[in-house]
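>>> Fold the following.
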Amino acid sequence: MVFVGYVTGGVQDDDDGDDIIENTTSLISHTDGIKALEAPLCYVEQQSSASPINEGLLSSLSNLTSLTLSRNCFTSYPVGGPSQFCSVYTVNLEHNQISKIPFGIFSRAKNLNKLNMKENRISSLPLDIGTWTNMVELNLGTNQLTKIPDDIQLLQSLEVLILSNNLLKRLPATIGNLKKLRVLDLEENKLESIPNDIGYLCELQKLIIQSNQLTSLPRAIGRLANLTLLNVGENNLSSLPEEIGTLENLETLLINDNPSLHHLPFELALCNSLQIMGIENCPLSQIPPDIVNGGPSLVIQFLKMKGPYRSM
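So this is what the prediction gives:
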């Protein structure tokens, strides 16, 4: 027998001496089975990793708002269907061995705004992903995704989207409809290009596309007026678009380890908020070696002096 734990609220004993949960607000389990963190909730029989929690247990916790079942080697979602997520706001199932998110599993989760499925074995997303309309943070990093469905555009409340360490070769153009998106992490995929529609992400602050197969960036990237961090290191970029100079709020630009990047646009000198720039392992052959060796600050000064914007 093992414990389920961490509770705020009261419990009472039933006729059999088992704990009945009356006002549970958080349920958390950890790596070596399900254990009590603070006060015990109830006893559950530890089952196989494919069926980790007794059917009906989560559904009985009518005030459950936060569920964490990370690092348990689970291969599937808890049995019990959509009713077990009726009141939850956050679900964390990271670092398991789950291969799919069941269709309709969140059909009654009208409050769900944060889902963490990082480090699982998910290869595709359910067809009803477009119904997760209240989702604010979605972490699908370190899975086996090869495609993001067009219906991702229906997640109009989404602010944080983590897709790092997957097998994505392209993004749907509809991603540009996520008007509230602030963070987009695409690190370590197989992306060969970024759609122009990314320019419609007017609230985007952090764009991470490190370790892909990009040879260019869309000119529309210059429309990301709120962007503060752009990480495109470890790609095969041969140039940066001139429009990068319109990114007035850009503070961090990482372009390191692009072996085909031989020059930088003069417009880069217009990024007056730029504080950090990574240029390691880029040939930059059209800039004098002593300037490159002097570091990013000297490179920016060189671009400003040699370009048409030296008087600005």
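
>>> how about the closest residue in space to Asn189 that isn't next to it in sequence, what does it touch?
Spatial nearest neighbour of Asn189, chain neighbours left out: Leu168 (4.2 Å); criterion: C-beta to C-beta, 6 or more residues apart in numbering. The C-beta positions use only the backbone N, C-alpha and C, and glycine is treated the same way. Contacts for Leu168 (C-beta atoms under 8 Å, 6 or more residues apart in numbering) come out as 145-148, 186, 189-191.

>>> Sort out which of those residues are buried, if you could.
Among the contacts of Leu168, those classed as buried by 16 or more other C-beta atoms under 10 Å are 145, 148, 186, 189, 191.

>>> What separation is there between the residue nearest to Asn189 and Asn256?
22 Å (C-beta to C-beta, to the nearest Å).

>>> And the contacts of Leu168, which is closest to Gly176?
Ile148 (12.5 Å; C-beta to C-beta).

>>> Give me the phi and psi for the residue nearest the centre of the chain.
For the chain, the residue nearest the mean C-alpha position is Ile162 (1.3 Å; C-alpha atoms, centre = their mean). Main-chain torsions, Ile162, degrees, to the nearest 10: phi -110, psi 120.

>>> Also Val136?
Recorded main-chain torsions at Val136 are phi -110, psi -40, according to degrees, to the nearest 10.

>>> how near is the residue lying closest to it once chain neighbours are set aside to Val88?
Of all residues not flanking Val136 in the chain, Asn113 sits nearest, at 4.3 Å (C-beta to C-beta, 6+ apart). Distance, Asn113 to Val88, by C-beta to C-beta: 9 Å.

>>> if we can go back for a sec, I'd like a version of the buried ones among the contacts of Leu168 in TSV, one that adds pLDDT, distance to Gly80 and secondary structure as further columns.
Below are the buried ones among the contacts of Leu168 laid out as TSV (pLDDT from 0 to 100; distance: C-beta to C-beta, whole Å; DSSP: H, G, I helix; E, B strand; the rest coil):
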residue	pLDDT	distance to Gly80	secondary structure
Leu145	99	25	coil
Ile148	98	28	coil
Leu186	99	34	coil
Asn189	99	33	coil
Leu191	99	37	coil
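
>>> Domain parsing of the chain, as residue ranges.
What the TED database lists as the domains of the chain is 55-167, 173-182+197-311.

>>> so where's this protein uncertain?
Low-confidence segments of the chain (pLDDT under 70): 1-52, 309-312.

>>> show me where it has helices.
Assigned by DSSP state H, the chain shows helices spanning 289-293, 296-306.

>>> Check the ones you listed for me and report the most buried one.
helix 296-306 (a mean of 16; mean count of other C-beta atoms under 10 Å).

>>> Show me what that one is packed against.
Secondary-structure packing of helix 296-306 (3 or more C-beta pairs under 8 Å, 6 or more residues apart in numbering; DSSP states H and E): strand 276-278, helix 289-293.

>>> Tell me the spacing between Glu203 and Arg223.
For Glu203 relative to Arg223 (C-beta to C-beta), the value is 12 Å.

>>> Neighbour count: those two, which is higher?
Arg223 (18 against 15; other C-beta atoms under 10 Å).

>>> can I assume that one is in contact with Asp197?
No: shown here, Arg223 and Asp197 do not form a contact pair, counting by C-beta atoms under 8 Å, at 10.4 Å.

>>> Touching, Pro265 and Thr246? I think so.
No: using C-beta under 8 Å, Pro265 makes no contact with Thr246, being 11.2 Å away.

>>> quick one: Ser239 and Asn258 touch, right?
No: using C-beta under 8 Å, Ser239 makes no contact with Asn258, being 9.6 Å away.

>>> Looking at these two, which has the bigger crowd around it?
Looking at Ser239 and Asn258 with other C-beta under 10 Å, you find the greater number of neighbours at Asn258, namely 24 against 15.

>>> Can you give me the neighbour number for Gln275?
Counted with other C-beta under 10 Å, Gln275 comes out at 12.

>>> what do you get for Leu217?
By other C-beta under 10 Å, neighbour count at Leu217 equals 23.

>>> roughly how far apart are it and Thr90?
Counting by C-beta to C-beta - Leu217 and Thr90 are separated by 34 Å.

>>> Which of Asn113 and Val88 has more residues huddled nearby?
Val88 (24 against 19).

>>> Test my guess that the more buried one contacts Leu61.
No: with contact defined as C-beta under 8 Å, Val88 does not count as touching Leu61 (9.3 Å).

>>> ok so, going back, could I get the helices and strands packed on helix 296-306 in CSV, plus columns for distance to Gln213?
CSV is the format used below for those (distance: least, C-beta to C-beta, whole Å):
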stretch, distance to Gln213
strand 276-278, 19
helix 289-293, 25
